[in-house]
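In: sequence and predicted structure below; questions after.
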Amino acid sequence: MFTLTGTTSPGRRGVLSTPHGEIQTPFFMPVGTAGAMRGITHEDLLSLGAQILLCNTYHMHLQPGEEIVREAGGLHEFIHWSKPILTDSGGYQVFSLRGSNSIEDHGVHFRSHINGDPLFLGPESAIRIQHALGADIIMCFDHCPPSTAARAEIEQAVDRTLRWAQECKTWHREYSTGKENPPMLFGIVQGGLEPDLRKKCAEELIAMDFDGYAIGGLAVGESPQEMYDVVDAVCPLLPEEKLRYLMGVGVADQLKKCVAKGVDMFDCVLPMRLARHGHILLADGTDIRIRNTEYKSAHIPIDPLSPSALSRTHTRSYLHHLVRANERLGETIACMQNMGITLQTMQRMRAAMDEEI
RNA sequence: GCGAGAUUAGCUCAGUUGGUUAGAGCGUCCGGUUGUGGUCCGGAAGGUCAUGGGUUCAAGCCCCAUAUCUCGCC
């Protein structure tokens, strides 16, 4: 259950209650696609202030499979994470794995990226798998097209997304019967950069009454301004008392702007990807490429103001060396740093809101 | 001392029977990455082809000398 506690100039402040504890909003979700963050432990992630973890239906279904997770006692037990979990439906893989899948009216035919096995995901299977995994928040199976696609393709994606949302809702009700704590189900607004399609999609989803609403199909090739325009167009249409989730956005500046526009939750792989490529975010808002020679002899802390203890105690010269030497610890330090900075960005926004309330 | 081999980008090396502007990997620098098929992707800078002669319309490539290095033999 979501409780909005205040609407301030930096954005909406609230609390989300789940069977696995409360989440202070607005918040950012670290992406642990296959049930883990690369190179960092759950404990380390918690120490940075993570409140929830995102896992992926497509990936968990392929490996190890939801039956293994179910027999282990559900995702929380299986991965030993006691805080809330959100599972993404696999709809994004329609976009990210385009070229190796084919879309039809009832769902999407994938080929496993691991061994080529055929795999079909649609509204029923996506909801069934997510229920078996046992997350606190699950997502409708949607059709995510490139934001720059032709209007006809966007229109078709919206129609599919809406039809599938209705089916997801039905199957969700079916799989929830007899459950003490059924998960929350979020609908996903598609519509590319077309304001009228976004509006249509939002309004029809709202009529179906979901527990929260995501804005999908952004951060997939359009400019930041185009993205902001869509957020500006969609947010005012969404019900005040429900969570708004902007999918796939995680650049600090974009987080701040979108929170101000009324978004409550985000997820993004970018901070981790940047970290793995040696691109380090700093607490003062700047960033550095630690592989560059200028850091070879930089015997100063990576980031003295970092929320990650590793970055306060280890030097830039050491991280430069670790990354160049392809040492695992380098990836860990970099990931802790970038995730710490991203989570800290959200914490600071919440603190600023609390001062206003 | 004798013999063989080597010498091309910062490093390790390709370079066809001699034929436009000599290539690659790594390294350097600059970009990119957004609901994870990503130790990834794109671009740039960087060379008197050891030195000096010669043959040829044309030499990194063929010939001679010199230097340096490696290996082997006295």
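Out: Done, it's in.
In: RNA strand B contacts on the stretch 201-350 of chain A?
Out: Contacts of the stretch 201-350 of chain A with RNA strand B, taken as C-beta under 7 Å from any atom of the strand, map to A:214, A:216-220, A:224, A:247-251, A:254, A:267-270, A:272-274, A:276-279, A:289, A:291-294, A:324, A:326. Backbone N, C-alpha and C define where each C-beta goes, glycine included.
In: as a check, name the ranges of all strands in the stretch 101-250 of chain A.
Out: Assigned by DSSP state E, counting those that start in this stretch, the stretch 101-250 of chain A shows strands spanning A:101-104, A:107-111, A:118-121, A:137-139, A:184-189, A:212-215, A:243-246.
In: meant to ask about the stretch 251-357 of chain A
Out: Using DSSP E, counting those that start in this stretch, strands in the stretch 251-357 of chain A cover A:265-267, A:279-281, A:287-289.
In: got a markdown table for the ones you listed, with mean neighbour count too?
Out: A markdown table is the format used below for these (neighbours: other C-beta atoms under 10 Å):
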| stretch | mean neighbour count |
| --- | --- |
| strand A:265-267 | 24 |
| strand A:279-281 | 23 |
| strand A:287-289 | 16 |
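In: mind putting these in TSV, distance to A:R12 and mean pLDDT included?
Out: Below are those laid out as TSV (distance: least, C-beta to C-beta, whole Å; pLDDT from 0 to 100):
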stretch	distance to A:R12	mean pLDDT
strand A:265-267	10	98
strand A:279-281	24	97
strand A:287-289	28	95
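In: selecting buried members of the residues of the stretch 201-350 of chain A next to RNA strand B in ChimeraX, what would you type?
Out: Applied in ChimeraX, the following selects the buried portion of these according to 16 or more other C-beta atoms under 10 Å:
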select /A:214,216,217,218,219,220,247,248,249,250,251,254,267,268,270,272,274,276,278,279,291
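In: about what we covered before: could you export the strands of the stretch 101-250 of chain A as JSON lines, including mean pLDDT?
Out: Below are the strands of the stretch 101-250 of chain A laid out as JSON lines (pLDDT from 0 to 100):
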{"stretch": "strand A:101-104", "mean pLDDT": "92"}
{"stretch": "strand A:107-111", "mean pLDDT": "95"}
{"stretch": "strand A:118-121", "mean pLDDT": "94"}
{"stretch": "strand A:137-139", "mean pLDDT": "98"}
{"stretch": "strand A:184-189", "mean pLDDT": "98"}
{"stretch": "strand A:212-215", "mean pLDDT": "98"}
{"stretch": "strand A:243-246", "mean pLDDT": "98"}
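In: got these as TSV, with distance to A:T342 columns?
Out: As requested, the strands of the stretch 101-250 of chain A are arranged in TSV below (distance: least, C-beta to C-beta, whole Å):
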stretch	distance to A:T342
strand A:101-104	30
strand A:107-111	30
strand A:118-121	29
strand A:137-139	19
strand A:184-189	21
strand A:212-215	19
strand A:243-246	14
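In: any figure for the gap between the residue in the stretch 1-150 of chain A that RNA strand B sits nearest to and A:S82?
Out: At 2.4 Å from RNA strand B, A:C144 is the closest residue in the stretch 1-150 of chain A, using C-beta to the nearest atom of the strand. A:C144 is 31 Å from A:S82, where distance means C-beta to C-beta, to the nearest Å.
In: compare these two (neighbour count), which wins?
Out: Ranked by neighbour count (other C-beta atoms under 10 Å), A:C144 and A:S82 place A:C144 first, with 24 against 11.
In: my guess is the more buried one meets A:G221, correct?
Out: No. Between A:C144 and A:G221 there is no contact under C-beta atoms under 8 Å: 11.3 Å.
In: how close does the residue nearest the centre of chain A get to A:P304?
Out: The C-alpha lying nearest the average C-alpha coordinate of chain A belongs to A:D267 (C-alpha atoms, centre = their mean; 2.6 Å). Distance of A:D267 to A:P304, computed by C-beta to C-beta: 28 Å.
In: kindly report the same for A:G262.
Out: 34 Å.
In: same question for A:G330.
Out: Distance, A:G330 to A:P304, using C-beta to C-beta: 19 Å.
In: now swap in A:G216 and tell me
Out: Distance from A:G216 to A:P304, by C-beta to C-beta: 38 Å.
In: quick one: contacts for the residue lying farthest from the centre of chain A?
Out: Distance from the centre of chain A peaks at A:S297, with 36.7 Å (C-alpha atoms, centre = their mean). Applying C-beta atoms under 8 Å, 6 or more residues apart in numbering, one finds that A:S297 lies in contact with A:S317.
In: got a pLDDT number for it?
Out: Confidence at A:S297, expressed as pLDDT, is 90.
In: give me the distance between it and A:I85.
Out: If you go by C-beta to C-beta, the gap between A:S297 and A:I85 works out to 43 Å.
In: quick one: which of A:G330 and A:P304 has more around it?
Out: For A:G330 versus A:P304, the count of surrounding residues by other C-beta under 10 Å is larger for A:G330: 24 against 11.
In: quick check, A:E356 in contact with A:T7.
Out: No. A:E356 is not in contact with A:T7 according to C-beta under 8 Å; the separation is 9.5 Å.
In: in the stretch 51-200 of chain A, which spans are helices?
Out: With DSSP state H, counting those that start in this stretch applied, the stretch 51-200 of chain A shows helices at A:57-62, A:66-71, A:75-79, A:92-96, A:123-133, A:151-176, A:195-208, listed in chain order.
In: could these go into JSON lines alongside mean neighbour count?
Out: Converted to JSON lines, the helices of the stretch 51-200 of chain A look like this (neighbours: other C-beta under 10 Å):
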{"stretch": "helix A:57-62", "mean neighbour count": "24"}
{"stretch": "helix A:66-71", "mean neighbour count": "16"}
{"stretch": "helix A:75-79", "mean neighbour count": "19"}
{"stretch": "helix A:92-96", "mean neighbour count": "20"}
{"stretch": "helix A:123-133", "mean neighbour count": "24"}
{"stretch": "helix A:151-176", "mean neighbour count": "19"}
{"stretch": "helix A:195-208", "mean neighbour count": "18"}
